[in-house]
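A.B. asks: Build me a model from this:
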Amino acid sequence: MKENPRTVGVVLLAVRKEEDKLQILVQKRASEISFGGLWCLPCGHLEYNETGEEAAVRETYEEMGILFDKEKLTLIETDTNPNIYNQNVILRYKTTSQGQYINKVNDAEVSDWKWLNISELDNYNWAFNHKNIIKKLLK
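C.D. replies: Got it, this is the predicted structure:
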């Protein structure tokens, strides 16, 4: 049996209300990377010596230039299905914090980002089954 290194993925569901409309923070993946041109939640991999919260904050900052407070993240789901996108474990976090825009978007990974009204969810093409995950986590 071939052994693969254990990997842990992190996903951040950032939620806010704007003019009485529920919105989530989403990003469009750059066309040059896997799942390019598709929308997703901020996500990435856990690095060594890093907590899940730290990874979610780091990935969102590196890709989108938005900094969140790790103390305001809540672990809302752990998925241990090893067949999903080569991950052994996926940690999903939620925050209602707005975050602070500090830096420009990493064009190598993200071509666009926005606060998306939940009512528009079905109008976008999604990577990683994130549309279904969003609907499930917002119930």
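
A.B. asks: Helices of the chain, residue ranges please.
C.D. replies: 52-64, 130-137 (DSSP state H).

A.B. asks: Flag the shaky bits of the protein, pLDDT-wise.
C.D. replies: Counting by pLDDT under 70, the chain shows low-confidence ranges at 1-6, 81-87.

A.B. asks: In this structure, which strand is the longest?
C.D. replies: Criterion DSSP state E: the longest strand present in the chain is strand 8-18.

A.B. asks: ok, the most centrally placed residue in the chain to Q100 distance?
C.D. replies: Nearest to the geometric centre of the chain sits P42, at 2.4 Å (Cα atoms, centre = their mean). Counting by Cβ to Cβ, to the nearest Å, the gap from P42 to Q100 is 14 Å. From N, CA and C alone the C-beta is placed, and that goes for glycine too.

A.B. asks: and if you look at E59?
C.D. replies: Counting by Cβ to Cβ, the gap from E59 to Q100 is 16 Å.

A.B. asks: now do D79
C.D. replies: 29 Å.

A.B. asks: Looking at those two, which has the bigger crowd around it?
C.D. replies: D79 (15 against 11; other Cβ atoms under 10 Å).

A.B. asks: for G65, what are its contacts?
C.D. replies: By Cβ atoms under 8 Å, 6 or more residues apart in numbering, the contact list for G65 reads Y101, I102, N103, K104, V105, N106.

A.B. asks: Which members of the residues you listed are classed as buried?
C.D. replies: V105 (16 or more other Cβ atoms under 10 Å).

A.B. asks: Looking at the contacts of G65, which is nearest K28?
C.D. replies: Distance to K28 across the contacts of G65 (Cβ to Cβ) is lowest for V105, with 9.8 Å.

A.B. asks: show me what contacts that closest one?
C.D. replies: V105 neighbours (Cβ under 8 Å, 6+ apart): E63, M64, G65, S111, D112, W113.
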